[in-house]
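In: Quick one, structure for this:
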Amino acid sequence: MLTACTSKMVLLAPLLLMAGLLSTKAATAEEESGTAIPAESRPCVDCHAFEFMQRALQDLKKTAYNLDSRTETLLFKVEKRTLCDCLTINALN
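Out: Down below sits the predicted model:
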C-alpha cells in the first residue's frame, strides 16, 4: 500500500509542478502584453479620494451659487410684482 502511494506521488509531483510553472508563465505573459503604469507614477488611493472630494465640493459650490442666484431672481420678481401692485392701487385712489 505504501509503495503504491509513493509511486503515485512520484508521478503526480512533476505533473503538478509543470502545471504550476505553466500557469505562472501564462499570467506573466498576459501582464506584459498590456500597458502597465509603474507604481511610482500612479496616484495613491488617498489622492484619488481627495480629487473626487474636491470635484464634488466644486459641484456643490456651483449648485449652491446657482440656487442663490435663482432665489435672488425670484425674490426680485416678487418685490417688483408687489411694488407694481402697490403703484397701481395707489394710482387708482
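In: Which positions within stretch 48-60 qualify as buried?
Out: Buried positions in stretch 48-60, judged by neighbour count with 16 or more other CB atoms under 10 Å: none. Heads up, the C-betas are built off the backbone N, CA and C, glycines and all.
In: right, and the helix or strand after the worst-scoring helix or strand of the chain on mean pLDDT?
Out: Lowest by mean pLDDT, DSSP states H and E among the helices and strands of the chain is helix 2-33, with a mean of 60. Of the helices and strands lying after helix 2-33 in sequence (DSSP states H and E), the nearest is helix 45-92.
In: Averaged pLDDT, that next one. What do you get?
Out: Computed over helix 45-92, the mean pLDDT rounds to 85.
In: mind checking how far T63 is from S69?
Out: Computed with CB to CB, to the nearest Å, the distance linking T63 and S69 is 11 Å.
In: what's the answer for K77, then?
Out: K77 is 13 Å from S69, by CB to CB.
In: do E51 as well
Out: Applying CB to CB to E51 and S69 gives a distance of 27 Å.
In: same check, this time on F52
Out: Per CB to CB, F52 is found 26 Å from S69.
In: got it, and K62?
Out: From K62 across to S69, the span is 11 Å (CB to CB).
In: cool, R81 as well?
Out: Using CB to CB, R81 is found at 19 Å from S69.
In: do the same with Q54
Out: The spacing between Q54 and S69, counted by CB to CB, is 23 Å.
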